[in-house]
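**Q** Only the shape, not the letters, is given here:
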């Protein structure tokens, strides 16, 4: 059976007078890093764009994966063995380099990110920023500080206490330790249901998630703690953030001076 989509039937369809298609798409793609906190939205959109993309965190999906251009490219890679795949591989080699990845750094969440020191991207970084290795370390660290703050929140005792209250609240509908587990439970059940039934169940679970998030202040607790942890990380990484800013400004000056 085909997997059912996120709810976007009559309540989101054309002719309802509820905004343009772009407005509706943007609404479905709202992010809830610490669980859906809008029961009305959940009743209309279910789990939204996160319906089939749950991860190991407690909200809409993983935020602690390192941000790299290779990751984005891999998600759009054509089937191996095809001419398109071979052409894309040549393009990837030229842009990102080949062979062993000489550069390596660790994000604040402990994930290791690697890159090549050859290729067009590496050469452009050397020209713009002066030192590719320093730029790589600073860029990876700064770009992943938001994910690191979220990572710390999910391990904070205050957040864990709110999450336990949420789990107790949602238990009459379905037992789950966190919103991600509730979505995985829906995914398992949805595969054996007709699309309409799966959509109805998704809305039921999503509304239960949202009501319990509101009742237990889970999202507010997460947002409050994230501000604190983000401030801590900014202090911890102040030197690297400053270096990243200086190198960016150097790159901008070079680009302006050379009409790039």
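**A** Thanks, I have the structure now. Here the structure is a predicted model, which is why all the values come from computation and not from measurement.
**Q** Could you use CA atoms for every contact and neighbour count after this?
**A** Fine.
**Q** Quickly find the element holding the closest residue to residue 217 other than its chain neighbours.
**A** Excluding its sequence neighbours, the residue lying closest to residue 217 (CA to CA, 6 or more residues apart in numbering) is residue 162, at 7.0 Å. Assigned by DSSP states H and E, residue 162 belongs to helix 157-170.
**Q** residues of that helix that come out buried?
**A** Within helix 157-170, the residues scored as buried using 16 or more other CA atoms under 10 Å are 159, 160, 162, 163, 165, 166, 167, 168, 169, 170.
**Q** Could you identify the helix or strand that succeeds it?
**A** Helix 157-170 is succeeded, C-terminally, by helix 179-190 (DSSP H and E).
**Q** Quick check: next helix or strand after the lengthiest helix in the chain?
**A** When the chain is parsed with DSSP state H, its longest helix is helix 195-216. Sequence-wise, the next helix or strand downstream of helix 195-216 (DSSP H and E) is helix 218-236.
**Q** pLDDT (mean, whole number) over the helix holding residue 162?
**A** Helix 157-170 shows a mean pLDDT of 98.
**Q** Check stretch 95-106 too.
**A** 89.
**Q** can you list contacts of it?
**A** Outside stretch 95-106, the residues that touch it by CA atoms under 8 Å, 6 or more residues apart in numbering are 112-122, 133, 136-137, 140-141.
**Q** end-to-end on it?
**A** 22 Å (CA to CA, to the nearest Å).
**Q** before we move on, back to that, buried stuff in the longest helix of the chain?
**A** Here helix 195-216 shows 195, 198-199, 201-214, 216 as buried, counting by 16+ other CA under 10 Å.
**Q** Could you check how far residue 36 is from residue 100?
**A** Distance from residue 36 to residue 100, by CA to CA: 42 Å.
**Q** These two: who's more crowded?
**A** residue 36 (28 against 10; other CA atoms under 10 Å).
**Q** Specify the local secondary structure of the more buried one.
**A** Under DSSP: H, G, I helix; E, B strand; the rest coil, residue 36 falls in the coil class.
**Q** Could I get the full set of helices for the stretch 1-150 of the chain?
**A** Along the stretch 1-150 of the chain, counting by DSSP state H, counting those that start in this stretch, helices occupy 21-28, 39-45, 69-75, 83-96, 120-129, 132-143, 145-153.
**Q** what about the closest residue to residue 108 other than its chain neighbours, neighbour count?
**A** The spatial neighbour of residue 108 that comes closest, neighbours along the chain excluded (CA to CA, 6+ apart), is residue 148 at 5.7 Å. For residue 148, the count of nearby residues is 24 (other CA under 10 Å).
**Q** I'd like the distance from residue 148 to residue 245, if you could.
**A** Distance from residue 148 to residue 245, by CA to CA: 19 Å.
**Q** Could you export the helices of the stretch 1-150 of the chain as TSV, including distance to residue 237?
**A** Shown next, in TSV, are the helices of the stretch 1-150 of the chain (distance: least, CA to CA, whole Å):
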stretch	distance to residue 237
helix 21-28	33
helix 39-45	37
helix 69-75	23
helix 83-96	27
helix 120-129	19
helix 132-143	8
helix 145-153	9
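**Q** Which one of the ones you listed lies nearest to residue 182?
**A** helix 39-45 (13.6 Å; CA to CA).
**Q** buried set for the closest one?
**A** Here helix 39-45 shows 39, 41, 42, 43, 44, 45 as buried, counting by 16+ other CA under 10 Å.
**Q** Report all helices and strands that that helix contacts.
**A** In terms of contacts (3 or more CA pairs under 8 Å, 6 or more residues apart in numbering; DSSP states H and E), helix 39-45 is packed against helix 195-216.
**Q** quick one: contacts of the helix it packs on?
**A** 3-7, 35-40, 42-47, 162-163, 165-166, 169-170, 173-174, 179, 182-183, 186, 189-191, 219.
**Q** returning to what we had before: ranked by average pLDDT, which of the helices of the stretch 1-150 of the chain falls at the bottom?
**A** The bottom spot among the helices of the stretch 1-150 of the chain, by mean pLDDT, belongs to helix 69-75, with a mean of 45.
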